[in-house]
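Colleague: Return a 3D structure for these sequence lines:
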Amino acid sequence: MNKVFLIGNLTRDPELTETSGGIKICRFAIAVNRNYAGGDGERKTDFFNCVAWRGLGETVARYSRKGNKVAVSGSIELRNYEDSQGVKRTGIDIVCQDVEFLTPKNGGDDFDAPAPSQRSGSKPQLQPFDDDSDIPF
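Modeller: Numbering: from 1, shown residues only. Below is the predicted model:
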């Protein structure tokens, strides 16, 4: 079974292109922190190249940008190619089957941040509600 789950931050804005056949493809990279520290006490970070096809790729390109946190599930794909000097290389891509956006819509990192209407310092006006008359006990 070839299945991978990653949570990380986009290292650059997604790039949406199109194949010669008209199929949309989105390429992006994510940085994933390891859950342990090295001998020097610092946490290491791994970088993964990701590919999302068709509608998923369009969605990623439209709703995410550099720094956003995403959860990616998909499979690992190896590809062989020659670089500009003619040296054979192997690339590793994560082919996305699902991408979930974990950064709030307002772009901040605080999920508990008050709504924009509540940030001005005024509290919302609540209306009293008394509907206990219908409770059967």
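Colleague: Apart from its neighbours in sequence, what residue is nearest residue 97?
Modeller: Sequence neighbours aside, residue 74 is the residue nearest to residue 97 in space, at 4.6 Å (criterion: C-beta to C-beta, 6 or more residues apart in numbering). From N, CA and C alone the C-beta is placed, and that goes for glycine too.
Colleague: if I look at the one you found, how far off is residue 51?
Modeller: Plainly put, residue 74 is 8 Å away from residue 51 if you go by C-beta to C-beta, to the nearest Å.
Colleague: The two: who's more crowded?
Modeller: residue 74 (21 against 18; other C-beta atoms under 10 Å).
Colleague: Surely that one forms part of a helix?
Modeller: No. Per DSSP: H, G, I helix; E, B strand; the rest coil, residue 74 lies outside any helix segment and is strand.
Colleague: Could you check how far it is from residue 10?
Modeller: Taken as C-beta to C-beta, the span from residue 74 to residue 10 is 15 Å.
Colleague: who are the neighbours in contact with residue 57?
Modeller: Shown in contact with residue 57 (C-beta atoms under 8 Å, 6 or more residues apart in numbering): 16, 24, 25, 26, 51.
Colleague: got a winner among these for most neighbours?
Modeller: residue 26 (23 neighbours).
Colleague: Now it. Nearest residue, chain neighbours left out?
Modeller: Sequence neighbours aside, residue 57 is the residue nearest to residue 26 in space, at 3.3 Å (criterion: C-beta to C-beta, 6+ apart).
Colleague: Return the distance of stretch 16-29 from the chain's centre.
Modeller: 18 Å (C-alpha atoms, centre = their mean, to the nearest Å).
Colleague: Fine by me, we can end here.
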